[in-house]
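Q: sequence? don't have it. structure:
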Ligand code: 13P
Ligand code: SF4
């Protein structure tokens with residue numbers, strides 16, 4: 001984000017300090033600026049690009065990422081990049097998506113522990129079993145899944161295009177995996193009735209359905225409740241509440257707006273309300289505040305994504321120094337997964 005080749009370290013530090021002073025303790029900024037300076041130099045030497053998800057901590061997000069965004073925007077960047085190396089400051093399924101779309105590039109994820117509870121909730125074998133049980137029904141898979149699950153799918157979606165992807169299929173029934181809450185939110189938005197295959201009628205036959213879901217959940221967004229919303233509204237009557245669609249349908253309904261991480265960021269940037277509360281990973285509120293100091297952001301920071309928080313400036317520097325951790329996807333899986341991801345990219 002900074003033109004480091006035309007800037008001295010002191011200028012770089014002062015720019016970063018001006019951006020972060022409201023959200024990062026002052027004593028940390030110089031230390032982080034020094035790390036970021038080294039990363040930016042190495043990134044240039046190695047012809048690498050850094051993609052940073054909206055949930056990255058503010059110092060990293062505002063100092064080293066060449067592109068920031070939500071899963072959809074970053075997968076588009078991964079598909080277009082001409083750099084030799086993609087360093088993905090996000091979680092494993094995102095780095096895998098980059099490798100699926102750009103197999104000739106080296107894709108690095110700075111931590112081996114950056115997983116995702118949704119991606120862990122379903123296997124390729126689960127998808128094959130569902131296909132056998134509901135033959136001919138197309139499978140839509142949220143990008144928060146691993147490559148082998150994507151490979152069993154007809155099309156992927158993200159939080160930014162899920163309803164559009166479902167509508168694009170123009171079929172009576174679809175299988176939507178693995179996020180239970182996103183599926184319910186999409187079912188409501190697209191006017192469909194959803195069932196979960198474990199729920200049976202007395203005689204064992206599935207009840208009437210148009211969407212078939214799965215019980216995966218995001219361990220962060222499932223924690224937000226309608227009581228949180230009531231309490232915050234009581235204390236701050238002018239608050240505007242934004243909820244990610246991985247939150248429960250009750251929470252999404254009680255919020256004022258729901259959208260992808262970038263959708264929420266744009267909403268805040270393009271409106272002028274008293275104050276905002278984001279029901280999503282806490283760092284995003286800090287990132288928006290750093291870029292828009294005139295906004296008033298409330299945060300519920302008791303809930304953090306333990307996976308996104310694995311990605312640090314220290315590990316990103318190591319990733320570039322040691323070429324770690326390299327993402328590999330077996331070609332037979334990659335080719336099939338790429339079809340599902342690319343099909344999504346043509347729709348949204
Ligand atoms: P976005 O696609 O909205 O950035 O969401 C990714 C994610 O993991 C949210 O928890
Ligand atoms: Fe996965 Fe939830 Fe973390 Fe997003 S916030 S990466 S869905 S665990």
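A: Everything's here; your move. Everything quoted here is computed from the prediction, not taken from an experiment. Ligands and ions are numbered 1, 2, ... in the order given.
Q: please count neighbours and contacts with C-alpha atoms only from this point.
A: Fine.
Q: residue 187 and residue 194 touch, don't they?
A: Yes. Contact criterion C-alpha atoms under 8 Å: residue 187 and residue 194 qualify, at 6.4 Å.
Q: spell out which parts of this structure neighbour ligand 1.
A: 70, 71, 72, 158, 159, 260, 261 (C-alpha under 6 Å from any ligand atom).
Q: so of those, which ones are in helices?
A: Judged by DSSP state H, the subset of these located in helices is 71, 72, 261.
Q: how about these in CSV, adding neighbour count and pLDDT?
A: Listed next are those as CSV, based on neighbours: other C-alpha atoms under 10 Å; pLDDT from 0 to 100:
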residue, neighbour count, pLDDT
71, 25, 95
72, 22, 91
261, 26, 98
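Q: any idea how far the longest helix belonging to the chain is from the chain center?
A: For the chain, the longest helix by residue count, based on DSSP H, is helix 26-45. Computed by C-alpha atoms, centre = their mean, to the nearest Å, the chain-centroid distance of helix 26-45 equals 24 Å.
Q: repeat that for stretch 146-158.
A: Computed by C-alpha atoms, centre = their mean, the separation of stretch 146-158 from the middle of its chain amounts to 15 Å.
Q: tell me the mean pLDDT for it?
A: In this model, stretch 146-158 has a mean pLDDT of 98.
Q: what about it, near ligand 2?
A: No. Judged by C-alpha under 6 Å from any ligand atom, stretch 146-158 stays clear of ligand 2, getting no closer than 10.7 Å.
Q: now do the buried residues in that stretch.
A: 146-158 (16 or more other C-alpha atoms under 10 Å).
Q: now swap in stretch 44-61 and tell me
A: Buried residues in stretch 44-61 (16+ other C-alpha under 10 Å): 48-61.
Q: could you look up the SS state of residue 93?
A: Under DSSP: H, G, I helix; E, B strand; the rest coil, residue 93 falls in the helix class.
Q: now the residue of the stretch 201-348 of the chain found nearest ligand 2: how far from residue 142?
A: Per C-alpha to the nearest ligand atom, residue 218 is where the stretch 201-348 of the chain lies closest to ligand 2, at 4.1 Å. Residue 218 is 12 Å from residue 142, where distance means C-alpha to C-alpha, to the nearest Å.
Q: hmm, back to that, right, and the residue of the stretch 201-348 of the chain closest to ligand 2 touches residue 179 too?
A: Yes. Here residue 218 reaches residue 179: they are 7.4 Å apart, a contact under C-alpha under 8 Å.
Q: neighbour-wise, which of those two wins?
A: residue 179 (27 against 23; other C-alpha atoms under 10 Å).
Q: residue contacts, the more buried one?
A: 118, 142, 213, 214, 215, 216, 217, 218, 246 (C-alpha atoms under 8 Å, 6 or more residues apart in numbering).
Q: swap in residue 314?
A: Contacts of residue 314 by C-alpha under 8 Å, 6+ apart are residue 35.
Q: so how far is residue 228 from residue 166?
A: 30 Å.
Q: swap in residue 303?
A: Taking C-alpha to C-alpha as the measure, residue 303 falls 12 Å from residue 228.
Q: looking at those two, which is more packed in?
A: Legend: neighbour count by other C-alpha under 10 Å for residue 303 and residue 228, higher for residue 303 (17 against 14).
Q: measure that one to residue 64 for me?
A: 25 Å.
Q: same check, this time on residue 146
A: From residue 146 over to residue 64 (counting by C-alpha to C-alpha), the distance is 26 Å.
Q: ok, residue 255 next?
A: The value you get for residue 255 to residue 64, if C-alpha to C-alpha is used, is 33 Å.
Q: ok, residue 191 next?
A: Separation of residue 191 from residue 64 (C-alpha to C-alpha) stands at 42 Å.
Q: residue 343 now?
A: Distance from residue 343 to residue 64, by C-alpha to C-alpha: 31 Å.
Q: cool, residue 156 as well?
A: 29 Å.
Q: again with residue 169
A: 39 Å.
Q: neighbour count: those two, which is higher?
A: Set residue 169 next to residue 64 and count neighbours by other C-alpha under 10 Å: residue 64 wins out with 28 against 14.
Q: on the three-state scheme, that one is what?
A: coil.
Q: I'd guessed it sits against residue 38; true?
A: No. Between residue 64 and residue 38 there is no contact under C-alpha under 8 Å: 9.7 Å.
Q: burial count for residue 63?
A: Residues near residue 63, counting by other C-alpha under 10 Å, number 24.
Q: wait, it sits on residue 35?
A: No. Contact status for residue 63 versus residue 35: not in contact, 9.6 Å apart, counting by C-alpha under 8 Å.
Q: got the contact list for the residue of the stretch 201-348 of the chain found nearest ligand 1?
A: Nearest residue of the stretch 201-348 of the chain to ligand 1 (C-alpha to the nearest ligand atom) works out as residue 260 at 3.4 Å. Residues near residue 260 by C-alpha under 8 Å, 6+ apart: 70, 159, 160, 244, 245.
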